[in-house]
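S.K.: Structural data only, the sequence is not supplied:
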(Lines give C-alpha, C1' and ligand atoms only; values in the text may rest on other atoms or scores of the structure.)
Protein backbone atom coordinates (compact mmCIF):
# COMPACT_ATOMS: atom_id res chain seq x y z
CA UNK A 1 0.00 0.00 0.00
CA UNK A 2 1.21 3.50 -0.87
CA UNK A 3 0.23 5.47 2.22
CA UNK A 4 0.11 9.17 3.00
CA UNK A 5 -0.20 10.60 6.51
CA UNK A 6 -1.75 13.89 7.58
CA UNK A 7 -0.53 14.88 11.03
CA UNK A 8 2.95 14.66 12.54
CA UNK A 9 2.32 14.07 16.26
CA UNK A 10 2.93 11.02 18.41
CA UNK A 11 0.09 8.93 17.00
CA UNK A 12 1.22 9.72 13.44
CA UNK A 13 4.58 8.21 14.34
CA UNK A 14 2.82 5.03 15.47
CA UNK A 15 1.04 4.88 12.10
CA UNK A 16 4.37 5.43 10.29
CA UNK A 17 5.93 2.48 12.10
CA UNK A 18 2.94 0.19 11.54
CA UNK A 19 2.74 1.08 7.84
CA UNK A 20 6.37 0.05 7.43
CA UNK A 21 5.93 -3.16 9.42
CA UNK A 22 3.03 -4.13 7.14
CA UNK A 23 5.19 -3.63 4.06
CA UNK A 24 3.62 -0.33 3.07
CA UNK A 25 5.42 2.78 1.86
CA UNK A 26 4.92 6.26 3.31
CA UNK A 27 4.92 8.39 0.16
CA UNK A 28 3.96 11.70 1.76
CA UNK A 29 3.28 13.44 5.04
CA UNK A 30 1.37 16.67 5.57
CA UNK A 31 2.02 18.76 8.67
CA UNK A 32 0.69 22.00 10.11
CA UNK A 33 3.94 23.49 8.86
CA UNK A 34 6.41 22.39 6.22
CA UNK A 35 9.09 22.17 8.91
CA UNK A 36 7.07 19.70 10.97
CA UNK A 37 6.50 17.55 7.88
CA UNK A 38 10.19 17.66 6.94
CA UNK A 39 11.23 16.61 10.44
CA UNK A 40 8.85 13.63 10.37
CA UNK A 41 11.41 11.53 8.56
CA UNK A 42 9.24 9.74 6.02
CA UNK A 43 7.90 10.52 2.58
CA UNK A 44 7.73 13.81 0.74
CA UNK A 45 6.90 16.77 3.00
CA UNK A 46 3.85 18.99 2.50
CA UNK A 47 1.93 21.64 4.40
CA UNK A 48 -1.11 21.40 2.10
CA UNK A 49 -3.23 18.25 2.08
CA UNK A 50 -4.79 18.83 -1.34
CA UNK A 51 -1.35 19.29 -2.90
CA UNK A 52 -0.08 16.07 -1.31
CA UNK A 53 -3.08 14.07 -2.52
CA UNK A 54 -2.72 15.42 -6.06
CA UNK A 55 1.01 14.79 -6.26
CA UNK A 56 1.32 11.45 -4.48
CA UNK A 57 -2.01 9.77 -5.35
CA UNK A 58 -1.83 7.42 -2.32
CA UNK A 59 -3.77 4.19 -2.04
CA UNK A 60 -4.66 5.09 1.54
CA UNK A 61 -4.66 8.26 3.63
CA UNK A 62 -3.99 7.95 7.36
CA UNK A 63 -5.66 10.83 9.24
CA UNK A 64 -3.80 11.56 12.51
CA UNK A 65 -4.86 15.11 13.34
CA UNK A 66 -7.01 16.82 16.01
CA UNK A 67 -10.66 15.77 16.02
CA UNK A 68 -12.16 18.87 14.41
CA UNK A 69 -10.05 18.35 11.28
CA UNK A 70 -11.07 14.74 10.63
CA UNK A 71 -14.26 15.30 8.64
CA UNK A 72 -12.75 17.68 6.06
CA UNK A 73 -9.54 15.70 5.67
CA UNK A 74 -11.27 12.33 5.37
CA UNK A 75 -13.63 13.65 2.71
CA UNK A 76 -10.66 15.12 0.84
CA UNK A 77 -8.99 11.72 0.89
CA UNK A 78 -12.05 10.00 -0.55
CA UNK A 79 -12.49 12.70 -3.20
CA UNK A 80 -8.88 12.05 -4.28
CA UNK A 81 -9.61 8.34 -4.74
CA UNK A 82 -7.87 7.08 -1.60
CA UNK A 83 -9.13 4.75 1.09
CA UNK A 84 -8.91 6.27 4.58
CA UNK A 85 -7.70 5.10 7.99
CA UNK A 86 -8.96 7.64 10.55
CA UNK A 87 -7.87 8.06 14.13
CA UNK A 88 -10.53 7.94 16.82
CA UNK A 89 -12.80 9.64 17.55
CA UNK A 90 -14.09 9.66 14.00
CA UNK A 91 -15.44 13.21 14.16
CA UNK A 92 -16.71 15.86 16.55
CA UNK A 93 -20.40 15.06 15.95
CA UNK A 94 -22.60 12.29 14.60
CA UNK A 95 -23.68 14.57 11.74
CA UNK A 96 -20.05 14.94 10.65
CA UNK A 97 -19.57 11.18 10.89
CA UNK A 98 -22.60 10.54 8.67
CA UNK A 99 -21.25 12.93 6.03
CA UNK A 100 -17.96 11.01 6.11
CA UNK A 101 -19.80 7.72 5.61
CA UNK A 102 -21.72 9.23 2.69
CA UNK A 103 -18.45 10.42 1.15
CA UNK A 104 -16.98 6.91 1.37
CA UNK A 105 -20.05 5.46 -0.34
CA UNK A 106 -20.01 8.01 -3.16
CA UNK A 107 -16.30 7.44 -3.74
CA UNK A 108 -16.57 3.65 -3.56
CA UNK A 109 -13.78 3.60 -1.00
CA UNK A 110 -13.32 2.02 2.45
CA UNK A 111 -12.91 3.85 5.74
CA UNK A 112 -11.61 2.29 8.96
CA UNK A 113 -11.21 3.57 12.52
CA UNK A 114 -8.18 2.73 14.67
CA UNK A 115 -9.96 1.16 17.61
CA UNK A 116 -6.58 -0.44 18.19
CA UNK A 117 -7.38 -2.23 21.45
CA UNK A 118 -9.48 -4.68 19.45
CA UNK A 119 -6.17 -5.94 18.10
CA UNK A 120 -5.00 -7.66 21.28
CA UNK A 121 -5.14 -11.44 20.88
CA UNK A 122 -6.88 -11.96 24.22
CA UNK A 123 -9.58 -9.43 23.29
CA UNK A 124 -10.34 -11.53 20.22
CA UNK A 125 -10.22 -14.69 22.35
CA UNK A 126 -12.66 -13.30 24.90
CA UNK A 127 -15.01 -12.09 22.17
CA UNK A 128 -15.15 -15.59 20.70
CA UNK A 129 -15.67 -17.21 24.10
CA UNK A 130 -18.53 -14.85 24.96
CA UNK A 131 -20.15 -15.63 21.59
CA UNK A 132 -19.75 -19.37 22.26
CA UNK A 133 -21.60 -19.02 25.58
CA UNK A 134 -18.64 -20.10 27.72
CA UNK A 135 -19.48 -17.47 30.34
CA UNK A 136 -23.22 -18.08 30.23
CA UNK A 137 -25.83 -15.35 30.04
CA UNK A 138 -24.19 -11.98 30.65
CA UNK A 139 -25.22 -10.23 33.87
CA UNK A 140 -22.68 -7.49 34.59
CA UNK A 141 -20.26 -5.54 32.44
CA UNK A 142 -18.02 -2.88 33.91
CA UNK A 143 -14.53 -1.53 34.17
CA UNK A 144 -12.70 1.72 33.56
CA UNK A 145 -10.33 3.69 31.40
CA UNK A 146 -8.05 5.66 33.72
CA UNK A 147 -5.29 7.93 32.44
CA UNK A 148 -3.14 10.64 34.01
CA UNK A 149 -2.53 12.38 30.68
CA UNK A 150 -4.36 15.51 31.86
CA UNK A 151 -3.47 15.27 35.56
CA UNK A 152 -0.80 18.00 35.68
CA UNK A 153 -2.66 21.35 35.95
CA UNK A 154 0.23 23.04 34.14
CA UNK A 155 -0.24 20.84 31.08
CA UNK A 156 -2.08 22.12 28.02
CA UNK A 157 -3.16 20.03 25.04
CA UNK A 158 -5.11 21.00 21.94
CA UNK A 159 -8.05 19.10 23.47
CA UNK A 160 -8.67 22.06 25.79
CA UNK A 161 -9.04 24.61 22.98
CA UNK A 162 -12.78 25.24 22.50
CA UNK A 163 -14.09 23.69 19.29
CA UNK A 164 -11.19 21.29 18.72
CA UNK A 165 -12.21 18.13 20.58
CA UNK A 166 -16.00 17.85 20.31
CA UNK A 167 -18.64 17.49 23.04
CA UNK A 168 -16.28 15.89 25.57
CA UNK A 169 -12.62 15.46 26.47
CA UNK A 170 -12.29 12.26 28.49
CA UNK A 171 -15.13 10.63 26.56
CA UNK A 172 -13.83 11.62 23.12
CA UNK A 173 -10.17 10.98 23.85
CA UNK A 174 -10.32 7.65 25.68
CA UNK A 175 -13.95 6.80 26.48
CA UNK A 176 -14.68 5.82 22.89
CA UNK A 177 -12.17 2.99 23.23
CA UNK A 178 -13.85 1.52 26.33
CA UNK A 179 -17.35 1.84 24.87
CA UNK A 180 -16.19 0.15 21.67
CA UNK A 181 -14.55 -2.70 23.60
CA UNK A 182 -17.79 -3.35 25.50
CA UNK A 183 -19.89 -3.71 22.36
CA UNK A 184 -17.15 -5.51 20.42
CA UNK A 185 -16.36 -8.16 23.05
CA UNK A 186 -19.90 -8.80 24.27
CA UNK A 187 -21.51 -8.69 20.83
CA UNK A 188 -24.26 -6.59 22.43
CA UNK A 189 -25.32 -3.00 21.93
CA UNK A 190 -25.55 -0.53 24.78
CA UNK A 191 -29.24 0.31 24.89
CA UNK A 192 -29.39 2.66 27.89
CA UNK A 193 -26.83 5.01 29.36
CA UNK A 194 -26.63 7.41 32.30
CA UNK A 195 -23.69 9.74 32.84
CA UNK A 196 -22.26 12.12 35.41
CA UNK A 197 -19.51 14.42 34.10
CA UNK A 198 -16.87 16.29 36.11
CA UNK A 199 -14.32 18.96 35.24
CA UNK A 200 -11.72 19.02 38.00
CA UNK A 201 -9.21 21.32 36.29
CA UNK A 202 -11.28 24.19 34.95
CA UNK A 203 -8.45 26.52 33.93
CA UNK A 204 -5.51 25.75 31.64
CA UNK A 205 -2.89 27.97 30.03
CA UNK A 206 -1.74 27.60 26.42
CA UNK A 207 1.96 28.42 25.98
CA UNK A 208 2.59 27.22 22.44
CA UNK A 209 4.48 24.05 23.25
CA UNK A 210 4.51 20.82 21.27
CA UNK A 211 1.10 19.19 21.06
CA UNK A 212 -0.74 22.31 22.23
CA UNK A 213 -2.08 23.26 18.81
CA UNK A 214 -2.59 26.75 17.38
CA UNK A 215 -3.03 29.73 19.68
CA UNK A 216 -6.57 29.76 21.13
CA UNK A 217 -8.57 33.00 21.13
CA UNK A 218 -8.21 35.31 24.11
CA UNK A 219 -5.86 37.81 25.69
CA UNK A 220 -2.37 36.81 26.79
CA UNK A 221 -1.28 36.77 30.43
CA UNK A 222 1.87 38.65 31.56
CA UNK A 223 4.02 35.60 30.68
CA UNK A 224 2.67 35.37 27.14
CA UNK A 225 0.38 32.42 27.77
CA UNK A 226 -3.32 32.33 26.90
CA UNK A 227 -5.65 31.34 29.79
CA UNK A 228 -8.46 29.03 28.68
CA UNK A 229 -11.68 28.15 30.51
CA UNK A 230 -12.06 24.39 29.97
CA UNK A 231 -15.63 23.58 28.98
CA UNK A 232 -15.33 19.78 28.64
CA UNK A 233 -15.15 17.03 31.25
CA UNK A 234 -11.95 15.34 32.41
CA UNK A 235 -13.89 12.54 34.20
CA UNK A 236 -17.05 10.70 33.20
CA UNK A 237 -18.89 8.16 35.34
CA UNK A 238 -21.24 5.94 33.38
CA UNK A 239 -24.04 3.46 34.06
CA UNK A 240 -24.91 1.25 31.09
CA UNK A 241 -27.35 -1.50 30.18
CA UNK A 242 -26.90 -3.87 27.23
CA UNK A 243 -29.56 -5.30 24.92
CA UNK A 244 -29.28 -8.64 26.75
CA UNK A 245 -30.12 -7.00 30.09
CA UNK A 246 -26.61 -7.02 31.55
CA UNK A 247 -25.74 -3.76 33.31
CA UNK A 248 -22.79 -2.15 35.02
CA UNK A 249 -20.64 0.92 35.58
CA UNK A 250 -17.41 2.50 34.40
CA UNK A 251 -15.23 5.50 35.20
CA UNK A 252 -13.47 7.27 32.36
CA UNK A 253 -10.84 9.69 33.64
CA UNK A 254 -7.91 11.64 32.22
CA UNK A 255 -6.84 12.96 35.63
CA UNK A 256 -6.22 9.70 37.55
CA UNK A 257 -2.73 10.03 39.00
CA UNK A 258 -0.55 6.95 38.64
CA UNK A 259 -2.67 5.42 35.86
CA UNK A 260 -0.81 5.88 32.59
CA UNK A 261 -3.28 3.78 30.57
CA UNK A 262 -5.44 1.48 32.67
CA UNK A 263 -8.20 -0.07 30.57
CA UNK A 264 -10.22 -2.72 32.39
CA UNK A 265 -13.05 -4.81 30.96
CA UNK A 266 -14.77 -6.94 33.58
CA UNK A 267 -17.73 -9.23 32.82
CA UNK A 268 -19.85 -11.60 34.91
CA UNK A 269 -22.03 -14.25 33.35
CA UNK A 270 -24.32 -16.93 34.74
CA UNK A 271 -21.49 -19.50 34.43
CA UNK A 272 -18.19 -17.64 34.68
CA UNK A 273 -16.64 -14.20 34.60
CA UNK A 274 -13.46 -12.55 33.35
CA UNK A 275 -11.23 -9.53 34.00
CA UNK A 276 -8.80 -8.09 31.42
CA UNK A 277 -6.46 -5.11 31.93
CA UNK A 278 -4.73 -3.51 28.94
CA UNK A 279 -1.61 -2.82 31.01
CA UNK A 280 -1.22 -6.60 31.40
CA UNK A 281 -2.52 -7.57 27.95
CA UNK A 282 -1.02 -11.05 27.81
CA UNK A 283 -3.14 -12.43 30.66
CA UNK A 284 -6.75 -12.41 31.75
CA UNK A 285 -8.42 -13.68 34.90
CA UNK A 286 -11.21 -16.20 34.55
CA UNK A 287 -13.55 -16.49 37.53
CA UNK A 288 -15.76 -19.42 38.50
CA UNK A 289 -17.19 -21.01 41.66
CA UNK A 290 -13.84 -22.80 41.96
CA UNK A 291 -11.95 -19.51 42.22
CA UNK A 292 -9.86 -17.39 39.87
CA UNK A 293 -7.63 -18.79 37.15
CA UNK A 294 -4.97 -16.67 35.41
CA UNK A 295 -4.81 -17.55 31.72
CA UNK A 296 -1.87 -16.49 29.57
CA UNK A 297 -1.82 -15.59 25.91
CA UNK A 298 -0.34 -18.31 23.74
CA UNK A 299 -0.88 -19.46 20.16
CA UNK A 300 -2.48 -22.66 21.45
CA UNK A 301 -5.14 -20.71 23.33
CA UNK A 302 -6.38 -18.92 20.22
CA UNK A 303 -9.25 -20.14 18.08
CA UNK A 304 -8.51 -20.77 14.37
CA UNK A 305 -10.20 -17.55 13.27
CA UNK A 306 -7.95 -15.35 15.39
CA UNK A 307 -4.73 -17.38 15.64
CA UNK A 308 -3.04 -15.05 13.13
CA UNK A 309 -3.21 -12.21 15.68
CA UNK A 310 -0.52 -13.72 17.91
CA UNK A 311 2.91 -14.30 16.39
CA UNK A 312 5.14 -15.03 19.38
CA UNK A 313 5.38 -18.17 21.51
CA UNK A 314 3.70 -18.16 24.91
CA UNK A 315 5.62 -16.24 27.58
CA UNK A 316 6.93 -13.68 25.07
CA UNK A 317 5.10 -10.41 25.57
CA UNK A 318 3.06 -8.87 22.79
CA UNK A 319 1.82 -5.34 23.31
CA UNK A 320 0.35 -2.08 22.07
CA UNK A 321 2.19 -1.87 18.75
CA UNK A 322 1.34 -5.48 17.92
CA UNK A 323 -2.36 -4.79 18.59
CA UNK A 324 -2.21 -1.58 16.53
CA UNK A 325 -0.59 -3.45 13.64
CA UNK A 326 -3.28 -6.14 13.80
CA UNK A 327 -6.09 -3.60 13.47
CA UNK A 328 -4.47 -1.64 10.62
CA UNK A 329 -3.77 -4.95 8.90
CA UNK A 330 -7.48 -5.80 9.14
CA UNK A 331 -8.47 -2.39 7.78
CA UNK A 332 -6.08 -2.71 4.85
CA UNK A 333 -7.43 -6.20 4.15
CA UNK A 334 -10.93 -4.72 4.00
CA UNK A 335 -9.65 -2.15 1.51
CA UNK A 336 -8.43 -5.02 -0.66
CA UNK A 337 -11.93 -6.51 -0.59
CA UNK A 338 -11.16 -9.27 1.91
CA UNK A 339 -13.48 -10.17 4.78
CA UNK A 340 -11.59 -9.06 7.87
CA UNK A 341 -13.96 -7.78 10.57
CA UNK A 342 -12.19 -4.43 10.88
CA UNK A 343 -13.57 -1.42 12.82
CA UNK A 344 -15.58 0.48 10.23
CA UNK A 345 -16.83 4.03 9.91
CA UNK A 346 -20.17 2.71 11.17
CA UNK A 347 -18.36 1.72 14.37
CA UNK A 348 -16.85 5.20 14.50
CA UNK A 349 -20.31 6.76 14.18
CA UNK A 350 -21.59 4.49 16.94
CA UNK A 351 -18.91 5.77 19.30
CA UNK A 352 -19.88 9.39 18.64
CA UNK A 353 -23.57 8.59 19.16
CA UNK A 354 -22.81 7.03 22.56
CA UNK A 355 -20.77 10.05 23.62
CA UNK A 356 -23.50 12.45 22.53
CA UNK A 357 -25.97 10.37 24.56
CA UNK A 358 -23.70 10.55 27.62
CA UNK A 359 -23.37 14.33 27.33
CA UNK A 360 -27.14 14.65 26.93
CA UNK A 361 -27.71 12.38 29.94
CA UNK A 362 -25.44 14.50 32.14
CA UNK A 363 -26.98 17.75 30.95
CA UNK A 364 -30.59 16.56 31.44
CA UNK A 365 -29.82 14.47 34.55
CA UNK A 366 -31.58 11.36 33.25
CA UNK A 367 -30.83 8.08 31.56
CA UNK A 368 -30.88 8.10 27.74
CA UNK A 369 -32.10 5.39 25.36
CA UNK A 370 -29.39 4.69 22.79
CA UNK A 371 -30.80 1.53 21.24
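M.R.: That came through, no problem. Computed from a prediction, not measured in an experiment: that's the story for all the values here.
S.K.: ok, and what's touching the longest helix anywhere in the chain?
M.R.: Taking DSSP state H as the assignment, the helix of the chain that covers the most residues is helix 345-364. For helix 345-364, contacts defined as CB atoms under 8 Å, 6 or more residues apart in numbering pick out 86, 88-91, 93-94, 96-98, 100-101, 104, 111-113, 115, 166-168, 171-172, 175-176, 179-180, 183, 190, 193-197, 233, 236, 238, 367-368, 370. Backbone N, C-alpha and C define where each C-beta goes, glycine included.
S.K.: now, which of the residues you listed lie within strands?
M.R.: Counting by DSSP state E, the part of the contacts of helix 345-364 found in strands is 86, 111-113, 190, 193-197, 236, 238, 368.
S.K.: what about the nearest residue to residue 33 once chain neighbours are set aside, distance to residue 32?
M.R.: The spatial neighbour of residue 33 that comes closest, neighbours along the chain excluded (CB to CB, 6 or more residues apart in numbering), is residue 47 at 5.7 Å. Residue 47 sits at a distance of 7 Å from residue 32 (criterion: CB to CB, to the nearest Å).
S.K.: circling back to that earlier point, show me which positions of the longest helix of the chain end up buried.
M.R.: When burial is assessed from 16 or more other CB atoms under 10 Å, helix 345-364 yields the following buried residues: 345, 347-359, 361-362.
S.K.: List the contacts of stretch 10-19.
M.R.: Residues lying outside stretch 10-19 but in contact with it, judged by CB under 8 Å, 6+ apart, are 1, 3, 5, 25-26, 29, 40-42, 62, 64, 85, 87, 114, 211, 321, 324-325, 328.
S.K.: List only buried entries from these.
M.R.: For the contacts of stretch 10-19, a neighbour count by 16+ other CB under 10 Å gives the buried set as 1, 3, 5, 26, 29, 40, 42, 62, 64, 85, 87, 114, 324-325, 328.
S.K.: for residue 71, what are its contacts?
M.R.: For residue 71, the contacting residues are 91-92, 96-97, 99-100, by CB under 8 Å, 6+ apart.
S.K.: where in the protein is pLDDT low?
M.R.: Low-confidence segments of the chain, defined by pLDDT under 70: none present.
S.K.: what sits against residue 283?
M.R.: Counting by CB under 8 Å, 6+ apart, residue 283 makes contact with 122, 294-297.
S.K.: quick one: it from residue 135, how far?
M.R.: From residue 283 across to residue 135, the span is 17 Å (CB to CB).
S.K.: likewise residue 329?
M.R.: If you measure residue 329 against residue 135 using CB to CB, the figure is 28 Å.
S.K.: Please identify which of these two sits among more neighbours.
M.R.: Shown here are residue 329 and residue 135; by other CB atoms under 10 Å, residue 135 has more neighbours (22 against 18).
S.K.: coming back round to it: now, which of the ones in strands among the contacts of helix 345-364 sits nearest residue 218?
M.R.: When the ones in strands among the contacts of helix 345-364 are ranked by distance to residue 218 (CB to CB), residue 197 comes first, at 23.6 Å.
S.K.: I'd guess residue 224 is in a helix, am I close?
M.R.: No - residue assignment for residue 224, taken from DSSP: H, G, I helix; E, B strand; the rest coil, gives coil, which places it outside any helix.
S.K.: how many other residues sit next to it?
M.R.: Residue crowding around residue 224 was assessed by other CB under 10 Å; the count is 10.
S.K.: For residue 205, state which of the buried residues of helix 345-364 is nearest.
M.R.: Distances from the buried residues of helix 345-364 to residue 205 were compared by CB to CB; the smallest belongs to residue 359, at 25.3 Å.
S.K.: before we move on, the earlier item: restricted to strands, list the contacts of residue 283.
M.R.: Using DSSP E, the members of the contacts of residue 283 that fall in strands are 294-296.
S.K.: would you turn those into CSV with neighbour count?
M.R.: Converted to CSV, the ones in strands among the contacts of residue 283 look like this (neighbours: other CB atoms under 10 Å):
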residue, neighbour count
294, 10
295, 16
296, 11
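S.K.: Redo those as TSV? Include distance to residue 14.
M.R.: Below are the ones in strands among the contacts of residue 283 laid out as TSV (distance: CB to CB, whole Å):
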residue	distance to residue 14
294	29
295	28
296	26
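S.K.: At which residues are the helices of this protein located?
M.R.: With DSSP H as the definition, the chain shows helices at residue ranges 10-21, 34-38, 49-56, 70-79, 94-107, 121-131, 170, 176-186, 320-335, 345-364.
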